[in-house]
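K.L.:
predicted model, plus sequence, below.
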Amino acid sequence: MITVVDYYVVASILFAIGALGFLLRKNVLVMFMSVELMLNSANLVLVASAKSFDLARGSAFALVSVAVAAAEVGVGLAIIIALFRLKATVDAEEITNLRG
Amino acid sequence: MEENLLELIILIPFASVVVQYFLHRVLPARLAGLIACGAVLVPFLLTVVVGRGIGAAAPQVPAVTATIASWLTGGGLEVAFGLRLDPLSCAWTLVVTGIGFLIHVYSLGYMHHDPGFKRFFIYMNLFIGSMLALVLGDSLPLLFLGWEGVGLCSYLLIGFWFEDMNNARAGQKAFVVNRIGDLGFLLAMLMIFQTFGTLDIAAVTNGLSAGHAQGTFALGDARITLIALLLFVGACGKSAQLPLFVWLPDAMAGPTPVSALIHAATMVTAGIYMVARFSVFFALAPVASAVVAIVGALTAFVSATIALRQRDIKKVLAYSTCSQLGYMFLGLGVGAYGAAVFHVVTHAFFKALLFLGAGSVIHALSHEQNAMKMGGLKPHLPRTHWTFFVGCFALAGIFPFAGFFSKDKILGEALLGHGWLFPLVGVLGLITALMTAFYTFRLYRLVFTGPERLDAHAKKHLHESPATMTVPLVILALLSIGGGALSLPAFAHFDILGDYLRPIFAPALAVAGEAAHHAVNVEVALMLVSLAVVIGGAWWAWNRFARGPGDQLPLPQGGLPFLLENKWFVDEIYAIFVVGPMRGTALLAGFFDRYVIDGIVNGLARLCDLCGAVVRLLQNGAVHTYALLFIAGAVYLVCSLL
Amino acid sequence: MFQDIALAGPILLPALAALLLLGVELLAGGRRSQGSFLLCALGALVALIYTGYFLANGRTGLAFNGTLNVDNTALLIALIVHFSALLAVLLSRSYLAARRDADAPEYYSLVMAAASGMAMLAAANDLVNVFLGVELMSIPLYVLAAIRRKSARSVEAGLKYLLLGAFASAFLLFGMGLLYGASGSTLLSALPAEIARLETNGGLAAFGVVMFLIGVFFKVAAVPFHMWTPDVYEGSPTPVTAFMATATKAAAFGLLLRFTPVIATGMGPEAGSSMLAVIAVLTMFVGNLGALRQQNLKRLLAYSSIAHAGYMLVGVAAIVAEDGGEIALTGSSAIVFYLGTYAAMNLGAFGVAVVLDRGEGREGVNELKGLCSERPLLAAVMAVFTLALAGVPPTAGFLGKLYVFSCAVQARMYALAVVAVLASVVGLFYYLRLILLMYFTPREEGAEPRLLRTDSFLAVASFVCAVLVLWLGVLPAWFVDFVEATVRG
Amino acid sequence: MNSFGILSLITFLPLLGALVVAFLPRENPKVLRAAALLFGLANLGLSLLIVNAAGTMVFVERLHWIPAFGVCYGMAVDGISMPLVILSCLVVPIIIATTFHVGRGLKEYLVLLLIMETGMVGVFCATDIILFYVFFELTLVPLYFLIGMFGGVNRIYAAFKFFLFTAFGSLPMLVAILFLLYQHHQATGVWSASIEDLRALRLDAATQNWVFAGFALAFAIKVPLWPLHTWLPDAHVQAPTGGSIVLAAIMLKLGTYGFLRIAMPLAPQAAHSFATPVLVLAVISVIYGAYLAWAQDDLKKLVACSSVSHMGFVMLGLFALEPLAARGAMLQMLNHGVSTGALFLLVGCVYERRHKRGLDDFGGLVKVSPALGIALVITSLSSIGLPGLNGFVGELFILLGAFKTQPVFAILCASGVLLGAIYMLQMVRRVCYGTPNCEEAAHLSDMSVAEKFAFAPLVILMFWIGLAPGFLLERIGPAVDSILAALGNT
């Protein structure tokens, strides 16, 4: 029997994977994708909870968050492009001008 | 009426100080000097007038009192600028103003050429005023005010020629050493206030007598003993007793009239005054009295030994003063209060005389003070010589000069005292008397007789001093001759001073038990013994230094003379064991402050800086570091839930 | 419906202004004019007045089925946000005049959009709205941070903000999901009761609360989620930094205040407040220590803003510790008061930073050297702001601290209060250093001449801030009473 | 209850003066100085109107300030505050009159000084604890600027140290204050920050200890008590003359005044239980400070270290918890203000002539510039407690009182009297006596008329307090008695 808790566990694992990906990958784009993974794990929690409560609100929330995430991605990609234009790199470890 | 006169006695010198200070630009020097002399003479006359009225013996201590203004009030303390003229203070006042006046007059001549003439008289008047506050003050704080005031004047006058750093140093030494004593006095004052709840001297002493009568304070009461000892510490400082006598010889750096007035006749006797004033305490504290007697005897002895080998004319007299003060304390210690006061008076006469005589010599020799470079001055300074000669007899204590009577009274009381201690200190006193006679006539011989050993500078202005200086000498010489008449030996039944002072010491003697009257023949026998000792010493010196030191020098070599030559190394011992460690502590404190405390303070600031550096190091610009910390924080927070 | 829209005015007006500005810029076709500046300032001013009007008249209530709770606290926060926006806009003009590359057409529009998101965040009563508000606030700020596309620093700032911001949003959203899972509700006001009802899910709720808080901590720049702050603050255009430092903080703390009952029920008052206390202590110390030897004025102010977040977290910890009652109101008032005064002094300080700005990466504190002899008034104004930031009487900064620390005392968190004041002592080091540079050190020989970038708008803004800082310090009664009265409803 | 606002006038008139001076043209130093002096003297005149304050709080003013915390703008004076207020008002014109050496920045100097006066007067008048705190901190800022802008070579270090040290103490005090306010609110349901109301609180012993500790740290730093004193020598040495005078004459009194007015009455039991540790520190301060002073070769540093010693004495007087000693402590606060203020004034005069401050940079000062030398000698004597001058009266009262309750500490402190004589007199000897050590030292000008006029009131005070302290004691006495009575009742 798959309970809602199992969903939470899976979501948590996804979230952790995302976080680790963010932490371990140097490519800004991949890092950004890791964040998307984390967001989606959150959506999973929302949807699973909505299912368990049998309320639509959580699912709606997930939809909203997907939409917002899309906007974020748009802005994010634009900034990454701007960065690439300037420095010809997407390696997060090379953008350390601001420090100290 | 009498009250007002009493107030005037003390106000006049102070008023004179104020006038002289503020008008010092306007006043001609001569006039300033005269004002200063007048400001001492008038109080003297007033004291005579007021003091006559209190001679009558009464059950209560006869006194005239006056209150000038309130001073310290509140919180259970009530101290006014109150004056009290009783026989004891009257005696002192007369000595202070009388001798003070003579020395002021003398100074007119002595300081004539000095550019600091006006300043000198300001200080001198200030001294007289302070001394009067000391003896007339009816409360401990006022006594202390005078006590410190005379200390200040002493300081200022020792360092009068402050261009020479040594003089300034001597003044500082005097003040600081005195402060050690003052600390004792201060603590005694605190204890007295705590014990009696008042600082009024009469109330305190009466309170103690009454307390003793009621059994509150037994003989030998620890508290009273402690107070007495602390008071005596104060007295030791001011009156240059062991181990605090080191400042007095150095104090000779001041002008000679100062040495005569302050460091011989008056200020240094303040300790005697205080002990006499609080005689009840000492009477009730046999231990303290014994300490006083022993310290007095030892000081007398040690100072006399040092005086044996001094070359500086003033140093000889200075050590002699210490020695004589030791006699006085000896007297106080053995309960011979009246005799001690008597010795104060006679000593004031002859020591002032000797100092002024020495001053006259120094003045004549253009400030040469080394007795080894004098000799043969008798024909050049006839008046000085004769008066000095008289002074020598008085100091040596040769019948019938003043010193004989007073010294003998003290020695008699000591030698005939009960127990083993009093005779012991008496014997010490007797040995001292021998040495006193020796060094006195050694000095006389070195200065006035034998071949002239003057150098050219000293010879240039060799002259007898002017009348302003010699007249006081003559007066003092007369007093030194006849002063003994104030208090003849007991069997003569003529004791003006003793009778006058009797009410003062009655309570103390009542406690200690009136000294036994000794048989006349015993007393006379003692007198003869001491006279023989003294004359022996004098004769020895007279012969030995007949032709100056020339044929006798070098002085005997060996350990003891070396020790004496170097004043028992007391100054050096102080330097090594007291001043050195204190100075070391000061430097250590400076070091500790700078490196330890401030080290911690600055270290804390540095620690903050260091932490800041760590924070900034973590902020390395890499997103991954940030994410790592972020996640670490998140993990920590989540884990803290478990 | 109209009622709802009217209540949402503080959110909608800036959003409207943002849209209008976009339109105007489109129509203007890239021609530079003062029009958008004035329009934007007008928009912020109108929003400010509108909010103030509602506040003054007690026009509060729930809107949109209770998903927005436009209460007094929300209005006060919105007031601070709009005030910050207005002043940031006033600072922008002279900054943009000097930095043409920052003068993108969408600049003002984005400021207004972010302000709208912040106002929304303050009023949000529903997790969905919270998320929307956070993103509406953040996304324009990401862009604003990177708006100087040709500048490596600006883009770097934008990128870091974006990456870490998105990362934090994920935590926030995950936390929301968990909270929803623990309660079955997305209404903030209903959460405590629902969580308490479904006691079995206690662990879940606590987990959710922590994840949610991590997201919020990121926004308020609490240690160790603060690392973006110095970099982003340094790299962003100065007026944007000023806006972020003040308005974002206000909005995020507004959210945190509304969230406190959930913390208390989700984690328990004990655990919640001790967690907040630990974070607060870390934040105060790291902020103050990091600022100690900063050579860059903006960076220094960034660290200082971290420290200030720590002080305010002390208040939040106190509120959670007591879980409702008197302290919740006092604490909210204290934090709102702090936010208000902090906005004034920080915007003022950033205003001076704009004036002294020599160009990218050269916002050194050395520019302050000898300011007192060359520009006494500017130096005096800066000294006032600095002392206020340091919390020295008689400035508003002192009263803010007094107020917040008193909450800690009232919550019996004495150790926290003592640690907080010790942290302020550390803070004094660098605030005093700023004064030292202005007053005690002469300008270096052969230093380049100053480029004083100022205009009358900036001058007015700084002057208003200085007056507020002193006025609220000397005669704070009206403001305190106002805040207390409104927070208490 | 509200009177006509004389205290507010005294407090804020200098601020007005600062404003006026700030708007005068800086080109004309004479006008600046005259204007500042005018305000200073006017304020001094006004302050004399409160001279009859004694046992009870008079000239009460009370306005709501921050009602939410129950914070009032409360001003009043009694016999404890009155002399300190007047001393503050006296010191400022004295400093203004001797600002001839301040070249550039005279305007700032005067403005800061006048702001400072507002802070100082305010702190002594405040009857509301928050108001007290505000003024307490307010005094820091101008002095920080004074030291930092007009100080010596190491001025920045000194200014920092001064400010941070003080803040390090005063901020924990803020927590204690807040705690008290909260306790009052808990007990009565009303917010109040009035010291009077807070005194009525009955806290248990442990709580009192904490409160007391909070206050004690702040005040002990200000006093300063060993080992929290190291800011003082640095601040004094680096500060300009005016700063040093203010610091010595007034600022240090904030600490002892704080103990007497705030810490002790608000935590009466703790005042008893803390007496021994505080006295231990006081004794160390007295002796250590004296030794420290002896180790110094710099005139200013010597005087600064002597302050540590003297203020330790005041602490002895306060914590003997005895009416006589408390009177003595109050007197000694004034005495230290007068004497040490005067010493700094003179050191300033000397420094200004020679631009050196080493003890061995002078020699024969009494001969070279008699007035200056004599003034230095008199002031030194007053500082070492020569009877007839002011220092003695305070010391005697302190010792007499302290000996009753704390004999051991009294005895130990009394030894400070001895050490005082040592370091002061060797200073006098090295500076005033002997012959000038070099050519420059032989040609120092004597005191100018302005300097004489500035110094005169201080020397008059020295004699006045020394010879007729009754006037002050009548006023101080009832006030300290009422505080001590409250301490005894718990």
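P.N.:
Everything's here; your move.
K.L.:
strands of the stretch 251-400 of chain D, start to end?
P.N.:
Here the stretch 251-400 of chain D has no strands by DSSP state E, counting those that start in this stretch.
K.L.:
so where do the helices sit in it?
P.N.:
In the stretch 251-400 of chain D, the helices defined using DSSP state H, counting those that start in this stretch lie at D:252-258, D:264-266, D:268-273, D:275-294, D:299-319, D:323-354, D:365-368, D:370-383, D:390-405.
K.L.:
and B:Ile272, which of the ones you listed is closest to it?
P.N.:
Closest approach to B:Ile272 among the helices of the stretch 251-400 of chain D is made by helix D:390-405 (24.0 Å; C-beta to C-beta). For glycine as for every other residue, the C-beta is placed from the backbone atoms N, C-alpha and C.
K.L.:
got the angle for the closest one vs helix D:299-319?
P.N.:
40 degrees (axes from the mean of the first three to the mean of the last three C-alpha atoms, to 10 degrees).
K.L.:
now the element after helix D:390-405, going C-ward?
P.N.:
Following helix D:390-405 in sequence order, the next helix or strand is helix D:407-432 (DSSP states H and E).
K.L.:
buried residues, that next one. List them.
P.N.:
Using 16 or more other C-beta atoms under 10 Å in any protein chain shown as the test for burial, helix D:407-432 gives D:407, D:409-432.
K.L.:
quick one: is that helix near chain B?
P.N.:
Yes. Using C-beta under 8 Å from any C-beta of the partner chain, helix D:407-432 reaches chain B at D:407, D:410-411, D:414-415, D:417-418, D:421-423, D:425-426, D:429, D:432.
K.L.:
let me have the residues you listed in TSV, adding distance to C:Asp455 and pLDDT as columns.
P.N.:
Below are those laid out as TSV (distance: C-beta to C-beta, whole Å; pLDDT from 0 to 100):
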residue	distance to C:Asp455	pLDDT
D:Pro407	73	89
D:Ala410	69	90
D:Ile411	72	89
D:Ala414	69	88
D:Ser415	68	86
D:Val417	67	82
D:Leu418	69	85
D:Ala421	67	87
D:Ile422	66	88
D:Tyr423	61	89
D:Leu425	66	89
D:Gln426	64	88
D:Arg429	65	88
D:Cys432	62	86
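K.L.:
what is the nearest of those residues to chain A?
P.N.:
D:Tyr423 (49.1 Å; C-beta to the nearest C-beta).
K.L.:
can you count the residues close to the residue lying closest to the closest one once chain neighbours are set aside?
P.N.:
Leaving aside its sequence neighbours, D:Tyr423 sits nearest to D:Trp294 (C-beta to C-beta, 6 or more residues apart in numbering or on different chains; 4.0 Å). Residues near D:Trp294, counting by other C-beta atoms under 10 Å in any protein chain shown, number 24.
K.L.:
next one: D:Trp294 from D:Val121, what distance?
P.N.:
Per C-beta to C-beta, to the nearest Å, D:Trp294 is found 35 Å from D:Val121.
K.L.:
cool, D:Cys305 as well?
P.N.:
D:Cys305 is 28 Å from D:Val121, by C-beta to C-beta.
K.L.:
who has more neighbours, these two?
P.N.:
D:Val121 (33 against 28).
K.L.:
the more buried one touches D:Ser8, doesn't it?
P.N.:
No. Checked against C-beta atoms under 8 Å, the pair D:Val121 and D:Ser8 is beyond contact range at 9.8 Å.
K.L.:
what lies in contact with the top strand by length along chain D?
P.N.:
With secondary structure taken from DSSP state E, chain D has its longest strand at strand D:58-66. Strand D:58-66 is contacted by residues C:399, C:475-477, C:480, D:1-3, D:5-8, D:50, D:52-53, D:71-78, D:127-128, D:130-131 when judged by C-beta atoms under 8 Å, 6 or more residues apart in numbering or on different chains.
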